[in-house]
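A.B. asks: A predicted structure for the sequence below; I have some questions about it.
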Amino acid sequence: MTTEDHPSRTPEAALSDPEREGRLFDLLQEVLGWPPEERQWRLEEACDGTGVEAGEILELLEEEDELGDFLETPLVPTPPDAVPEPGPEVLPERIGAFRILRLLGEGGMGRVFLAEQREPVVRRVALNLMRGELLSKEGRARFLAEQQALARLDHAHIARLLEAGVTDDHHPFFAMEWVDGEPLLPYCDARALSVEARLEIFLEICAAVQHAHQKQVLHRDLKPSNVLVAEPDGRPVPKVIDFGIAKSLGQDLGLTGSFDLVGTPLYMS
């Protein structure tokens, strides 16, 4: 689109209107999520009354497509047999004062490792390292919010926060009590526990959740797989784990929008 199409507005004049630029950017981000064949007619409706014209958005999209093609096309084609096979992921040797032993699992916010601490005490921990792609202001705030929520909890049936810190390359991490146990349902089923025995475990889990609520912390993803059962003294001891999407009721971070879905749908109410 050229200035002849809009003689009353030059490109310089358009760029001098911050509010209009904001609308243009918002619409562009929205359109990128639409199927290409629907963009033309949906844009005309979306632009109505906004001060932004559909042609401007389409022109920006064309420029982006051209730039994307240019960046994605290699100058020298790579022979198929020259593409290396992806190898196994290399685990870090150390994170802070902890020696990494193996990967335990991955969650929405980070990876969890089994790690060993040698000083000032010798113990194994579950070390949660924030994902590199989440090192934004919001992502960091979510991760630190989880730390803060865990720091407020002190209960026999909740995995304890032991230490928190930041790696040399600025990745936040925290170390938690490592629960050498089994997920709740497999534990109960493998031992064919009676209803009474299961209810005893359930009451201990309820006590842990009550403690969290009294500390103004909501887990928000409480489900059987987030409860591990160990037998340190020959009797079942459940521990609630994974407060990765916990919310502190007294802490307004503005991180969850009105329509954001958090938790596991099967266990949400």
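C.D. replies: All right, it came through fine.
A.B. asks: Could you give the number of residues near residue 217?
C.D. replies: 24 (other C-beta atoms under 10 Å). For glycine as for every other residue, the C-beta is placed from the backbone atoms N, C-alpha and C.
A.B. asks: Relative to residue 198, how far out is it?
C.D. replies: 25 Å (C-beta to C-beta, to the nearest Å).
A.B. asks: So which helix or strand of the chain has the lowest pLDDT on average?
C.D. replies: helix 11-15 (a mean of 39; mean pLDDT, DSSP states H and E).
A.B. asks: what about the stretch 1-150 of the chain, any weak spots by pLDDT?
C.D. replies: 1-26, 28-29, 32-33, 49-52, 60-90, 107-109, 132-139, 142, 146 (pLDDT under 70).
A.B. asks: do the same with the stretch 151-269 of the chain
C.D. replies: Using pLDDT under 70, the stretch 151-269 of the chain drops low at 220, 243-269.
A.B. asks: Let me see the ranges of the strands in it.
C.D. replies: 161-166, 172-177, 182-183, 217-218, 227-230, 237-240, 247-248 (DSSP state E, counting those that start in this stretch).
A.B. asks: Let me have the ones you listed in a markdown table, adding distance to residue 190 as columns.
C.D. replies: Listed next are those as a markdown table, based on distance: least, C-beta to C-beta, whole Å:
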| stretch | distance to residue 190 |
| --- | --- |
| strand 161-166 | 29 |
| strand 172-177 | 23 |
| strand 182-183 | 7 |
| strand 217-218 | 30 |
| strand 227-230 | 10 |
| strand 237-240 | 15 |
| strand 247-248 | 33 |
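A.B. asks: Those strands: which one's closest to residue 53?
C.D. replies: Proximity to residue 53 (C-beta to C-beta) singles out strand 247-248 among those, at 41.6 Å.
A.B. asks: if we can go back for a sec, so for residue 106, which of the strands of the stretch 151-269 of the chain sits nearest?
C.D. replies: Using C-beta to C-beta, the strands of the stretch 151-269 of the chain put strand 172-177 closest to residue 106, at 14.1 Å.
A.B. asks: and that closest one, which strands flank it?
C.D. replies: strand 123-130 (antiparallel), strand 161-166 (antiparallel) (DSSP bridges).
A.B. asks: Pairing partners for residue 183 in the sheet, please.
C.D. replies: residue 228.
A.B. asks: which helices and strands does whatever helix or strand residue 99 lives in pack with?
C.D. replies: Element membership of residue 99 [criterion: DSSP states H and E] is strand 98-106. Where contact means 3 or more C-beta pairs under 8 Å, 6 or more residues apart in numbering; DSSP states H and E, strand 98-106 is packed against strand 110-117, strand 123-130.
A.B. asks: now with 6 Å?
C.D. replies: strand 110-117 (3 or more C-beta pairs under 6 Å, 6 or more residues apart in numbering; DSSP states H and E).
A.B. asks: could you give the angle of the strand it packs on to strand 161-166?
C.D. replies: Orientation of strand 110-117 against strand 161-166 (axes from the mean of the first three to the mean of the last three C-alpha atoms, to 10 degrees) gives an angle of 110 degrees.
A.B. asks: In its sheet, which strands sit next to strand 110-117, and in what direction?
C.D. replies: Partners of strand 110-117 in its sheet, by DSSP bridges: strand 98-106 (antiparallel), strand 123-130 (antiparallel).
A.B. asks: out of those, deepest packed?
C.D. replies: strand 123-130 (a mean of 22; mean count of other C-beta atoms under 10 Å).
A.B. asks: what's it in contact with?
C.D. replies: Strand 123-130 is contacted from outside by 95, 98, 110-113, 115-117, 143, 162, 171-176, 178, using C-beta atoms under 6 Å, 6 or more residues apart in numbering.
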